[in-house]
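Asks: no FASTA, just this:
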């Protein structure tokens with residue numbers, strides 16, 4: 001896969017690092033029985049920023065799509081191995097966690113941090129989500145993965161928010177498969 005390059009005066013992702021991950025992903029897709037990468041590995045992948053590297057948004061968008069595809073495959077395997085009832089229990093547990101987090105609200109749901117996301121942007125996200133009658137509704141998984149949450153020196157802890165978003169994505173995909 002080839003990505004557009006940023007202007008030499010702008011920072012982009014280091015092409016060699018991105019290409020190495022994308023090669024592993026390609027091999028994984030060609031050989032589904034291998035375990036070279038998982039959705040979690042791809043989800044947390046980080047790349048160095050270099051002048052004239054790959055455009056960040058293009059790579060981030062591709063990574064979001066790959067993560068969804070890998071996670072969907074992993075969830076299908078989970079359902080095949082553990083049964084539909086076990087997957088329903090997992091979904092119900094996730095929905096309860098999501099419901100509780102939404103009830104707490106953006107200001108109290110996550111700890112404060114010095115390197116953090118904007119509380120205002122998280123509150124906007126919360127307004128788009130709901131759990132009603134055992135069903136989660138909200139933005140697409142792609143939108144959740146690529147949604148800009150801003151930066152704040154006194155906002156909400158990035159890792160806690162990222163974990164919540166991961167739970168949302170997992171739940172949306174599991175809900176779709178069941």
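Replies: Sure, I can see it. Remember, it's a predicted structure, so these values are computed and weren't measured experimentally.
Asks: what ranges do the strands span in this protein?
Replies: Taking DSSP state E as the test, the strands found in the chain are 11-13, 49-51, 116-117, 130-132, 135-137, 156-157.
Asks: Please list all residues in contact with the residue nearest the centre of the chain.
Replies: Most central in the chain under Cα atoms, centre = their mean is residue 145, positioned 4.2 Å from the mean C-alpha point. Residues in contact with residue 145 (Cβ atoms under 8 Å, 6 or more residues apart in numbering) are 63, 64, 67, 68, 165, 169. Any C-beta I mention is one placed from the backbone N, CA and C, and that applies to glycine too.
Asks: quick one: which of those sit in helices?
Replies: Residues of those located in helices (DSSP state H): 63, 64, 67, 68, 165, 169.
Asks: shaky segments in this structure?
Replies: 1 (pLDDT under 70).
Asks: Can you pull the domain assignment for it?
Replies: Listed by automatic domain parsing, the domain ranges of the chain are 1-82, 84-178.
Asks: Between all of the contacts of residue 145, which two are separated the most?
Replies: Using Cβ to Cβ, the contacts of residue 145 reach their maximum pairwise distance at 63 and 165, which is 13.7 Å.
Asks: Just send the strands of the chain back as JSON lines, with distance to residue 108 and mean neighbour count too.
Replies: Output for the strands of the chain, formatted as JSON lines (distance: least, Cβ to Cβ, whole Å; neighbours: other Cβ atoms under 10 Å):
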{"stretch": "strand 11-13", "distance to residue 108": "35", "mean neighbour count": "21"}
{"stretch": "strand 49-51", "distance to residue 108": "33", "mean neighbour count": "13"}
{"stretch": "strand 116-117", "distance to residue 108": "14", "mean neighbour count": "24"}
{"stretch": "strand 130-132", "distance to residue 108": "18", "mean neighbour count": "14"}
{"stretch": "strand 135-137", "distance to residue 108": "21", "mean neighbour count": "13"}
{"stretch": "strand 156-157", "distance to residue 108": "10", "mean neighbour count": "20"}
